[in-house]
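Enquirer: give me the fold of what follows.
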Amino acid sequence: MKKKVISVVLCASLGAVLFAGCGNSSDSSSASTSAETEDTEAAEEAGVAADEDTASADSASEEIAGEAEEEADTEVADQTEASEINIDDLDDVNFTVVTSYADNAQYGMTVNYFADYLEEHSEGKVTADTYCGGTFCTGPEELEYVNNGAIDISLTGAQYAVEYLPMASGSIIVSDGYQAVLDAGNDLFFNNEETATALANEAAAYNLKALATYSAFDVCIWSANEGGSWETLAANNTLGSAAYITTFQALGLNTQTVSTADTYESLSRGIVSAASLGLYMGYSSGMNEVSNYITTGHAAATAPQLYMNLEKYDSLSEATQQLLVEAARASAQYCVDVMLEEDQQVLDDCEAQGITVQELSDEDNLAYMEYAYKGNYEAYLPYAEANGTVDEFNALYEYDLSVIGSDMTLEDLQAGL
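Expert: Okay, here's the model as predicted:
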């Protein structure tokens with residue numbers, strides 16, 4: 001079986017205009033002024049080895065990941081109790097599973113969990129070789145390789161999928177934290193007849209089958225000055241490492257593009273007074289040493305997705321197809337469980353150090369997401385136009401707005417930021 005975990009690293013701020021596409025990608029290791037690569041670069045820095053101050057957190061991550069594995073297995077077992085898979089009906093098959101996320105980031109760990117689940121629940125008949133961190137191909141090549149069959153399965157982020165899958169890449173589901181986001185994502189991609197059909201058709205047009213969708217991180221801003229609301233943050237802070245620049249600017253914050261590698265130095269020297277980084281990433285980068293406040297929100301997103309070559313999927317037995325779907329959903333649950341427990345550990349440690357932790361109000365969360373929707377709509381619409389799916393794209397965004405309880409209309413989205 002694959003090694004399940006080394007450590008957990010949560011991603012950086014929600015991504016550039018490509019909100020749903022962050023992660024530890026080995027393909028974008030240098031700073032960039034473009035919105036797409038800023039997010040990927042920021043997330044990659046999360047994979048840098050933590051110093052001795054975070055060694056205990058890494059050790060605790062192994063225990064958390066093990067507990068999350070049990071919880072994910074139990075959750076999926078509860079959902080599929082009525083449908084036992086007959087081992088004799090499974091294909092004897094090995095899959096190639098690829099992701100550009102590093103294997104010590106939560107999405108890389110998730111891929112390895114997916115492979116372990118297949119092997120364990122098939123008694124070794126269904127196996128998978130995993131390649132993380134761009135070791136098989138670069139991130140931009142992943143879906144092309146899945147499309148032509150060179151790769152069987154890929155866990156890929158929006159920045160690499162948007163050209164082919166603008167609806168799936170740009171869709172943001174906002175609820176109260178990771179678990180609610182995962183549940184809403186499952187409804188959107190698999191359970192709601194209208195949206196699931198549109199998304200399945202979009203994927204099928206590129207010879208892809210969506211197996212699962214995953215939850216992305218919550219909003220987190222580390223600051224030397226007081227936070228707690230967009231108004232206070234705007235009055236007291238110059239924000240660095242703000243991958244999602246247009247949204248923060250629309251909320252009134254003065255933003256600067258600071259690479260994640262330089263964020264600690266910038267914050268400690270007062271060049272910026274706040275930084276938008278994921279909880280665990282900020283902690284492992286030492287933000288707790290130079291921050292007095294943490295402002296968190298629950299504006300999370302569905303991202304990325306696990307895609308399989310559609311022809312390959314259709315060639316398999318019904319039992320193998322069922323196992324693939326169950327493994328994918330279990331891995332998504334595993335990812336959420338790890339993220340929830342790891343976030344709480346970081347918050348507990350920071351509060352013990354005297355850092356004030358503040359949560360955004362529901363109103364502030366909604367404002368963040370409405371601006372994010374506007375930015376994403378404008379960014380992804382040209383891809384939907386190129387694919388001839390504008391009507392479906394518009395319907396999906398209107399559905400998303402209803403999920404978050406926004407009064408915005410399609411016309412508001414079209415008006416932009």
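
Enquirer: residues in contact with the helix or strand hosting D391: which ones?
Expert: Taking DSSP states H and E as the criterion, D391 maps to helix 390-404. By C-beta atoms under 8 Å, 6 or more residues apart in numbering, the surrounding residues in contact with helix 390-404 are 166-167, 170-175, 184, 188, 192, 194-195, 198-199, 201-202, 366, 369, 373, 377, 380-381, 384, 408-410, 413. (Each C-beta comes from the backbone N, C-alpha and C, glycine too.)

Enquirer: buried stuff in the following helix or strand past it?
Expert: Per DSSP H and E, the first helix or strand lying C-terminal to helix 390-404 is helix 410-415. By neighbour count with 16 or more other C-beta atoms under 10 Å, helix 410-415 contains the buried residues L413.

Enquirer: please apply the same query to stretch 92-110.
Expert: 93, 95-110.

Enquirer: returning to that earlier point: just the buried ones from the contacts of helix 390-404, in ChimeraX syntax?
Expert: Here is the ChimeraX command that picks out the buried ones among the contacts of helix 390-404, judged by 16+ other C-beta under 10 Å:
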select :166,167,170,171,172,173,174,175,184,188,192,195,198,199,202,366,369,373,377,380,381,384,408,413
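
Enquirer: from the contacts of helix 390-404, which land in strands?
Expert: Judged by DSSP state E, strands contain none of the contacts of helix 390-404.

Enquirer: in the helix holding D391, what counts as buried?
Expert: Judged by neighbour count (16+ other C-beta under 10 Å), helix 390-404 contains these buried residues: 392-397, 399-401, 403-404.

Enquirer: show me the shaky parts of the stretch 251-400 of the chain.
Expert: Within the stretch 251-400 of the chain, no range satisfies pLDDT under 70.

Enquirer: do you have the helices of it handy? List them.
Expert: Using DSSP state H, counting those that start in this stretch, the helices found in the stretch 251-400 of the chain span residues 260-268, 279-284, 287-290, 310-315, 318-352, 362-387, 390-404.

Enquirer: present those helices as a markdown table; the columns should include distance to H121.
Expert: Output for the helices of the stretch 251-400 of the chain, formatted as a markdown table (distance: least, C-beta to C-beta, whole Å):
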| stretch | distance to H121 |
| --- | --- |
| helix 260-268 | 38 |
| helix 279-284 | 29 |
| helix 287-290 | 40 |
| helix 310-315 | 17 |
| helix 318-352 | 6 |
| helix 362-387 | 36 |
| helix 390-404 | 32 |
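
Enquirer: among those helices, which comes closest to A212?
Expert: helix 318-352 (3.5 Å; C-beta to C-beta).

Enquirer: highest average neighbour count across the helices of the stretch 251-400 of the chain?
Expert: By mean neighbour count, with neighbours taken as mean count of other C-beta atoms under 10 Å, helix 279-284 ranks first of the helices of the stretch 251-400 of the chain at a mean of 28.

Enquirer: please look at T213 and A332 and confirm they touch.
Expert: Yes: with contact defined as C-beta atoms under 8 Å, T213 counts as touching A332 (6.8 Å).

Enquirer: roughly how far apart are F393 and Y377?
Expert: In this structure, F393 and Y377 are 9 Å apart, going by C-beta to C-beta, to the nearest Å.

Enquirer: sketch out the low-pLDDT regions of the stretch 1-150 of the chain for me.
Expert: Applying pLDDT under 70 to the stretch 1-150 of the chain flags residues 1-83.

Enquirer: quick check: bridge partners of V126?
Expert: On the basis of DSSP bridges, V126 is bridged to V93.

Enquirer: quick check, it in contact with D91.
Expert: Yes: V126 is within contact range of D91, at 6.9 Å (criterion: C-beta under 8 Å).

Enquirer: give me the common contacts of these two.
Expert: Residues touching both V126 and D91 by C-beta under 8 Å, 6+ apart: T320.

Enquirer: those two - which one has more neighbours?
Expert: Remark: of V126 and D91, V126 carries more neighbours, 25 against 15, as counted by other C-beta atoms under 10 Å.
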